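S.K.: got a sequence here, can you build the structure:
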Amino acid sequence: MSFITAQDMELTDGSRIAVIGGGPAGSFFSYYVLEYARRFDLELELDIFEAKDFTKVGSSGCNHCGGIISESLVQELATDGLVIPSDIIQRGIKTYTMHTEQGTRKIHAPTDERRIASVFRGCGPRGCLDNSLKGFDNYLLGLCQENGARLILEKVTLLERTEEGVMVGCSKSPLRKYDLVVGAVGLNPKALELFKGICPSYSLPEVTRAYISEFLMKPRDIEKKLGSSMHVFLLDLPQITFGALIPKYNYVTLVLLGKDIDKDIVQNFISSKAVRSCFPEDFPVKKALPCQCYPYINIKQGNHPYADRVVLIGDSASSKLYKNGIGAAFITAKAAASTVIFEGISESHFEKYYKPKCSDLDKDNRIGKLIFWVTRIIQKSTILKRGLLGMVGKEQALEHSALRMSSALWDTFTGSAGYRNILRRFLHPGLLFELAKSTLVSNISVINRHSHEKQEDRQTL
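M.R.: Okay, here's the model as predicted:
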């Protein structure tokens, strides 16, 4: 009887890899694993199984995401030779506009290089008649196919471990044996349960419900009301941690993140004065939702997302809390690709070389929870929001300002920087002093104005 040790579990010429899921995580993994293999003259067979058709509009071609690509990811991809084509980008985001009940402030990108892009994940929302739209996910899949990956548009219904590999079965295809199976299935409960069968130590991520919808608008109205700015809302509304309107070419994407978002919470948000101000006066906000969904989002990583010959990546393993899910998919996918080519495909290899990346994301998310807890306090406080608006307004008005608050907020909204980095900047003595000063000055100004108005009213009487 022969035993296969961890040292024996390596990819060799002719090894076969099955990637279950063709979204960004699956595509990034496929692209990089084939690129790394080419450097070693390693011939691999790689099949990507994807049940969705990203060339279709609506839910059948969409992976339920707001479609924001951070500048840090754009730059990392460009460094690796992956330049996102202009016809994929719906709109370049140059500024963030922060809305509160007390006012609005526009935050410009700290530098010209730190801009972000809005994209569609599929080929447009339900009801879209423009066949020329191109989606980000389909673009990535195309790159993988150019690199030698085979795309199988089928749903995987069976995963079964054997002594020498893992069997993968679909409803329309016979069982096939693979040396490595990669799970990039997002937070699909049925697909994750399949992986539990071949990855017994794996525990599923903790999730909550978010909300995403698309408003069809005339491009000139989008340009007039939103421009090339992502609009974020720090409103005192229950259960909403983060709300944003993302302009695209002829659609505006609404994203709500928080605790189990439902229809009542959505209606409460879009009925607020701050949100309505971003649409034309006669725009039927409540009736203009051709495409909407309540997707799960990862709020706590899954534990032990790997076993011999199996690894889970992206949302199935670890993500970034509330932000930049595509960026987290890139981080985990690239780390897994590096591990399987340069180290091996055993559980011990993933434990040593892949797990640290997931753990880093998890540790950073713990700090992120603290930041959003503080953000929630600010959302509920009229006094603190006045101070925040005053400080941001002052920084944006001064030509050579340090932009401490503006840049920290920019990275919080985009998800480009890690939460540890952001917290360190929020705790900078200079920032805290200026925020305290702005809060004091702003609120004294409001008190004086109200006092002056009362005096005028008495004189009028």
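S.K.: please count neighbours and contacts with C-alpha atoms only from this point.
M.R.: Fine.
S.K.: distance of residue 145 from residue 47?
M.R.: Look at residue 145 and residue 47: by Cα to Cα, to the nearest Å, they are 10 Å apart.
S.K.: isn't there a strand covering residue 97?
M.R.: Yes - secondary structure of residue 97 (DSSP: H, G, I helix; E, B strand; the rest coil): part of a strand.
S.K.: can you pull out the helices in the stretch 301-450 of the chain?
M.R.: 325-342, 347-349, 355-380, 382-397, 404-414, 419-426, 429-460 (DSSP state H, counting those that start in this stretch).
S.K.: give me whichever of the ones you listed is most buried.
M.R.: Highest mean neighbour count of the helices of the stretch 301-450 of the chain: helix 325-342, a mean of 23 (counted as mean count of other Cα atoms under 10 Å).
S.K.: so what touches that helix?
M.R.: Contacting residues not belonging to helix 325-342 are listed as 10-11, 24-26, 28-30, 32-33, 36-37, 69-70, 73, 311, 313-315, 318-320, 345, 349-350, 353-354, 357-358 [Cα atoms under 8 Å, 6 or more residues apart in numbering].
S.K.: residue 412 contacts residue 422, correct?
M.R.: Yes - under the criterion of Cα atoms under 8 Å, residue 412 makes contact with residue 422 at 7.0 Å.
S.K.: pLDDT value on residue 193, please?
M.R.: According to the prediction, residue 193 has pLDDT 94.
S.K.: relative to residue 108, how far out is it?
M.R.: In this view, residue 193 and residue 108 are 44 Å apart by Cα to Cα.
S.K.: okay, those two: which has more neighbours?
M.R.: Taking neighbours as other Cα atoms under 10 Å, residue 193 and residue 108 compare with residue 108 leading, 20 against 15.
S.K.: now do stretch 287-304: distance from first to last residue.
M.R.: With Cα to Cα applied, stretch 287-304 spans 44 Å between its terminal residues.
S.K.: make sure residue 215 is actually in contact with residue 253.
M.R.: Yes - counting by Cα under 8 Å, residue 253 is a contact partner of residue 215 at 6.4 Å.
S.K.: give me the common contacts of residue 145 and residue 47.
M.R.: The contact sets of residue 145 and residue 47 overlap at residue 151 (Cα under 8 Å, 6+ apart).
S.K.: okay, those two: which has more neighbours?
M.R.: Set side by side, residue 145 and residue 47 show more neighbours around residue 47, with 22 against 17, by other Cα under 10 Å.
S.K.: run the chain-centre distance for the host helix or strand of the more buried one.
M.R.: In this structure, residue 47 sits in strand 44-49 according to DSSP states H and E. Chain-centre distance of strand 44-49: 25 Å, with Cα atoms, centre = their mean, to the nearest Å.
S.K.: likewise stretch 195-205?
M.R.: Using Cα atoms, centre = their mean, the distance between the centre of stretch 195-205 and that of its chain works out at 24 Å.
S.K.: ok, stretch 422-440 next?
M.R.: 27 Å.
S.K.: next: stretch 365-383.
M.R.: How far stretch 365-383 lies from its chain's middle: 19 Å, per Cα atoms, centre = their mean.
S.K.: check contacts around residue 308.
M.R.: 345, 346, 347, 348.
S.K.: typo on my end, residue 138
M.R.: By Cα under 8 Å, 6+ apart, the residues touching residue 138 are 54, 55, 121, 122.
S.K.: quickly check those for the two that are furthest apart.
M.R.: By the measure Cα to Cα, 55 and 121 form the most distant pair in those, at 9.8 Å.
S.K.: now the contacts of residue 308 as TSV including pLDDT and distance to residue 133?
M.R.: Shown next, in TSV, are the contacts of residue 308 (pLDDT from 0 to 100; distance: Cα to Cα, whole Å):
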residue	pLDDT	distance to residue 133
345	98	38
346	97	41
347	97	41
348	97	44
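S.K.: list just the nearest of those to residue 207.
M.R.: Using Cα to Cα, the contacts of residue 308 come closest to residue 207 at residue 347, 25.3 Å.
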